[in-house]
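1. structure, please.
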Amino acid sequence: MVSDESDDQRYCETGGVSSSLVSLYLNKRPLAARIAESTKQKIDEAVKELKYEPSATALALKKGRSKTLGLVTANLCSEYGSFFVQTLLDECSRHGYQLLIGLTHFNPEEERRTLENLLSRQADGIFHALNLFPADLLNELGMNDYPILQLSSAHPGFNSAALDLEEALKEVARKIRELGCRRVLVPHRSWSDILEKVLTTHGVEIVGGRSRATSDAENFEFLKELRPDAVAADSSIYIKLLRRKCRELGLPTPYLFYSYALPCDYIDDPAIIGVTVCNFKHRLSGIVHRMIQMLEHPGAEVLHRKEPVRFFSPEELRSYRDLQLADPYYEPFRSKLKYGE
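-> The predicted structure is shown next:
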């Protein structure tokens, strides 16, 4: 009997093991060494009962890596998201890897299917770009030692490559105090934890907003009563929508702070006091380099690396954006400005 997808499904039904683990184990992939012994025993029993014989293709794969990597992300709707995927594809290709992309649409069941699909396709490693990390799901799948790199979370049991926001946000807090602000809207948890710790001791009230406003400007109606002195948001989209809503409601625009990564994030407005800036190009190459390190040194100590984030004034940001637009790496944004799209 030659292995195919239906065989894997039958072994799952017989042994109570996920098809992705069955595929890894039967094809003798390097990652199979990390499967629990009890799980291996269940598969062995099912194999014996069903008289399994591996396919020639599977045998060809067992001696090395598949040279594929996976990306788990929510969607590709934003300019940032689409450019991130494009450049990640290019960077992986430069190192000889193909990239498989799985979209979850913020649905836990889709995330499970995406992870199982990447495992069954024997991706050598996975980039995980969601804020909530599925540690319990990976443990359930028996892949708690799988080479997966967190990009937006920092679960202690898995490698991560996140952003170091603390120093930049301390500068945001210093500017807020200098401006004499008493009430600050901070809609995103990634910023509110740090800013609240610094500002509340100085009598500044931190209030939360509705982060869903990134997709629906009507959610900004609360501004009529809230009337914040400043807004500090981890999203240029949020700030753009908030500015529009302030104009519609006839409200003065508060002082504004936001995060910048790409030229599409640029906002020219006197209300902008400063931005936090991550070097997108450096971060992108860094996460691919880190993944390759993980693949070349399996079983190494879990590391949590952080990319430094800087605070820029509006003038510094303008110069930085000009440098980006002069770099061929950011050509799509230069073309968009040139043709006025």
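2. can we go C-alpha only for contacts and neighbour counts from here?
-> Will do.
3. now the closest residue to residue 233 other than its chain neighbours: phi and psi?
-> Once flanking residues are discounted, residue 233 sits nearest to residue 258: 4.8 Å by CA to CA, 6 or more residues apart in numbering. Per-residue torsions, residue 258: phi -160, psi 170 (degrees, to the nearest 10).
4. likewise for residue 105?
-> Taking degrees, to the nearest 10, you get phi 50, psi 30 for the backbone angles of residue 105.
5. local confidence estimate at the closest residue to it other than its chain neighbours?
-> Excluding the flanking residues, the one nearest residue 105 by CA to CA, 6+ apart is residue 74, at 4.6 Å. For residue 74, the pLDDT comes out at 93.
6. lowest-pLDDT helix or strand in the chain?
-> helix 56-61 (a mean of 42; mean pLDDT, DSSP states H and E).
7. so which elements touch the next helix or strand after that helix?
-> Downstream of helix 56-61, the first helix or strand assigned by DSSP states H and E is strand 68-73. Strand 68-73 is packed against strand 98-103, helix 108-120, strand 125-128, with contacts defined by 3 or more CA pairs under 8 Å, 6 or more residues apart in numbering; DSSP states H and E.
8. what about residue 73, how many residues close to it?
-> Using other CA atoms under 10 Å, residue 73 is surrounded by 21 other residues.
9. one more: residue 49?
-> Count around residue 49 with other CA under 10 Å applied: 11.
10. surely it is in a strand?
-> No: using DSSP: H, G, I helix; E, B strand; the rest coil, the assignment for residue 49 is helix, not a strand.
11. look up how far residue 242 lies from it.
-> 63 Å (CA to CA, to the nearest Å).
12. what comes up buried for stretch 251-258?
-> 253-258 (16 or more other CA atoms under 10 Å).
13. so which of these comes closest to residue 147?
-> Set against residue 147, the nearest of the buried residues of stretch 251-258 by CA to CA is residue 258 (32.5 Å).
14. surely that closest one is in contact with residue 237?
-> No: using CA atoms under 8 Å, residue 258 is not in contact with residue 237; the gap is 9.3 Å.
15. so where do the helices sit in the protein?
-> With helices called from DSSP state H, the chain shows them at 5-15, 19-26, 37-50, 56-61, 79-94, 108-120, 135-140, 166-178, 189-199, 223-226, 236-249, 280-296, 314-325, 331-338.
16. residues contacting the longest one, please?
-> Applying CA atoms under 8 Å, 6 or more residues apart in numbering, the external contacts of helix 280-296 come out as 84, 87-88, 91-92, 124-125, 147-149, 161, 261-262, 300, 307.
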